[in-house]
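# For reference, the sequence and a predicted model appear below.
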Amino acid sequence: MMKPLMIEKFYAYLDTPIRMPVRVILAALIVPLLLSFVTPMWRISMYAPQYPKGLWLDIYSHKLAAGNDGQHLQEINTLNHYIGMKHLDRAEMSDLDWLPFGFGILALLALRAAAIGTTRSLIDLTMINLYVCAFAFARFTYRLYLYGHDLAPDAPVKVEPFTPAIFGTKQIANFTTHSYPAIGGYLIFLYAAGVTLLTLWYLYSGRSRALRTAAV
C-alpha cells in the first residue's frame, strides 16, 4: 500500500511535464493514426461456388469501397435483397460519419500532449482512445447485428435472422464470409496500443521513481 507521502509524490508526478523521449514517441504514433484516414479499416469478403473469386467490401472511416470498381457492392446488395436485408451503402452506414471527426480529435489531443502535455494528459489521452475505439467497434457490431436481424418479412427467400461475421469466418447458407481488420484497422490498433503501453510504462517508471525517493 502506498504511504501518504508516496501518494502526494505520485499526484505531483501526474502534473509533471512528459519527458522528451516520450514526447517524440507520442508524436510518431500520430502518423499511423493519420494514415488510417486513407486506408481501409475493415474488409468483409464472401465466397461461394458461384463466386469462386469472391466479393469484397472495404470500410473506410469516410466511405465504402468494393471490388471490381464497385460492382461487388451491387452483387452483395442483390444477394441481400433476396433474403430481405437492407440495401448496403454509405448512407445506411451513417454511424461512420463521426469517425473522421473522432480520429481527428484524437490526433489533435495526441499532438497537444506531445507538445505541452503532462503525465495526467497522457492518461486522459489513453482513456479517450480506449473509449473511442471501444465505442466504434460496438457500433459496428450493433449495425451488423441489425443487418442480419432486421429482415424484410416479404423477402423472396426466407432465412432465419442471423448475425453476420463480425470478426473471423462464418458460414451463412453456401457463402463463407470473412470479416477482418484491414490496413487502417491495424494502424489504429498500433496507435491505440502504442499510446496505452507508453502510458503504462510511464506510470510504472513514475511509481518506481517515487519508491526510490521514499526509500532515501
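Done, it's in. Numbering: from 1, shown residues only.

# Give me the buried positions along stretch 54-73.
Within stretch 54-73, the residues that count as buried by 16 or more other CB atoms under 10 Å are 55-61, 64-67, 72-73. All C-beta atoms are positioned from the backbone trio N, CA, C, and that covers glycine.

# and if you look at stretch 200-216?
Buried residues in stretch 200-216, counted by 16+ other CB under 10 Å: Tyr202, Leu203, Gly206, Ala210.

# Equivalent analysis for stretch 32-39, please.
Pro32, Leu33, Ser36, Phe37, Thr39.

# now the end-to-end length of that stretch.
Using CA to CA, to the nearest Å, one end of stretch 32-39 lies 10 Å from the other.

# how distant is it from the center of its chain?
The chain centroid and the centroid of stretch 32-39 are separated by 12 Å under CA atoms, centre = their mean, to the nearest Å.

# State the helix or strand in which Asn77 lies.
Using DSSP states H and E, Asn77 sits in helix 71-83.

# quick revisit: how about the buried residues of stretch 54-73, which pair is most distant?
Distance extremes for these: the farthest pair is Leu55 and Ser61 at 21.8 Å, using CB to CB.

# ok, the residue sitting nearest the centre point of the chain to Pro181 distance?
The residue lying closest to the centre of the chain (CA atoms, centre = their mean) is Cys133, at 4.5 Å. Distance, Cys133 to Pro181, by CB to CB, to the nearest Å: 12 Å.

# Phe101 too?
Using CB to CB, Phe101 is found at 21 Å from Pro181.

# In terms of neighbours, single out the busier of those two.
Per other CB atoms under 10 Å, whichever of Phe101 and Pro181 has more neighbours is Pro181, with 16 against 10.

# Who does the residue nearest to that one when sequence neighbours are not counted form a beta bridge with?
Closest residue to Pro181 apart from its sequence neighbours, by CB to CB, 6 or more residues apart in numbering: Trp42 at 5.9 Å. Beta bridges link Trp42 to Ile59, Pro181, judged by DSSP bridges.

# same question, the one 4 residues further on
Beta bridges link Met46 to Leu55, Thr177 when assigned by DSSP bridges.
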